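[1] Got a sequence here, can you build the structure:
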Amino acid sequence: MTTILIVEDEQRIASFVEKGLRAEGFTTLWAPTGADGIFHATEGDADLIVLDLGLPDIDGLDALASMRGQGVTTPVIVLTARTTPSATLASLEGGADDYMPKPFRFEELLARIRLRLRAAAPVEQSAHILTHGDIALDLKERTIRANGVTSVLTAREFALAETFLRNPGAVLSRAQLLSRVWGYDFDPNSNVVDVYVRYLRKKIGTDRLETVRGMGYRLT
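    Residues are numbered from 1 along each chain as shown. Model prediction:
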């Protein structure tokens with residue numbers, strides 16, 4: 001059974017989320033402090049983590065950094081009252097897979113949890129084919145097939161497509177895409193990511209790469 005770890009100091013919110021998730025068939029764990037959350041995360045007790053940033057002992061961003069620093073790859077959804085763009089970007093750059101502001105609707109949180117769990121599932125692939133839905137990326141030929149059409153990719157288009165296909169459903173910031181496709185030394189103020197996303201959309205369909213305003217892009 002899938003276990004969701006809720007790192008949240010407000011018992012009322014944690015109980016609300018736990019009740020809803022259990023009704024949907026999930027098992028839940030509640031960690032009221034960052035230290036408890038880090039312990040359960042590093043022990044591998046959860047399949048997904050819902051993380052508040054305003055924790056009583058340590059900041060949620062520090063807890064997230066500790067988890068990722070200890071090799072925890074479990075999907076993390078930040079659920080917080082911090083709604084500034086800087087908090088959103090800091091969370092995503094720090095290793096969060098998604099970000100939801102409070103107050104929130106449980107139905108939306110549930111949908112995001114299910115999406116993150118699907119994205120974390122092993123990607124279907126053969127020896128050299130990476131797939132997601134009806135999109136197939138040939139790692140050998142460097143071609144992509146979508147909507148029944150096969151297209152040849154440039155080196156950068158290929159690297160960008162591979163990054164999205166290895167992280168389906170995850171929101172990838174421009175900075176993350178720059179570092180993975182172009183390298184850390186590339187100018188962070190460049191619009192090259194947007195340009196190549198536009199190129200890739202022409203080959204797989206404009207609706208396949210969703211723009212998440214203020215955050216980045218994701219493969220739907």
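
[2] So which helix or strand of the chain has the lowest pLDDT on average?
    Lowest on mean pLDDT, DSSP states H and E among the helices and strands of the chain sits helix 174-177, with a mean of 84.

[3] helices or strands up against that helix?
    Other elements packing on helix 174-177 under the criterion 3 or more Cβ pairs under 8 Å, 6 or more residues apart in numbering; DSSP states H and E are helix 85-93, helix 192-204, strand 216-219. (Glycine included, C-beta is placed from N, CA and C.)

[4] Mind giving me the packing neighbours of the first one?
    Think helix 85-93. helix 60-69, strand 76-80, strand 98-101, helix 174-177.

[5] Where does pLDDT dip in this structure?
    Within the chain, the ranges that satisfy pLDDT under 70 run 121-127, 183-189.

[6] Next up, the contacts around the most centrally placed residue in the chain.
    In the chain, the residue lying closest to the centroid (Cα atoms, centre = their mean) is Asp97, at 2.6 Å. Neighbour list for Asp97: Pro75, Val76, Ile77, Arg116, Ala119, Ala170, Val171 [criterion: Cβ atoms under 8 Å, 6 or more residues apart in numbering].

[7] Kindly reformat the residues you listed as CSV containing neighbour count.
    Formatted as CSV, these follow (neighbours: other Cβ atoms under 10 Å):
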residue, neighbour count
Pro75, 22
Val76, 29
Ile77, 20
Arg116, 21
Ala119, 18
Ala170, 22
Val171, 19
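
[8] As a markdown table, these with distance to Glu93 would be great.
    Output for the contacts of Asp97, formatted as a markdown table (distance: Cβ to Cβ, whole Å):
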| residue | distance to Glu93 |
| --- | --- |
| Pro75 | 16 |
| Val76 | 13 |
| Ile77 | 15 |
| Arg116 | 17 |
| Ala119 | 18 |
| Ala170 | 13 |
| Val171 | 11 |
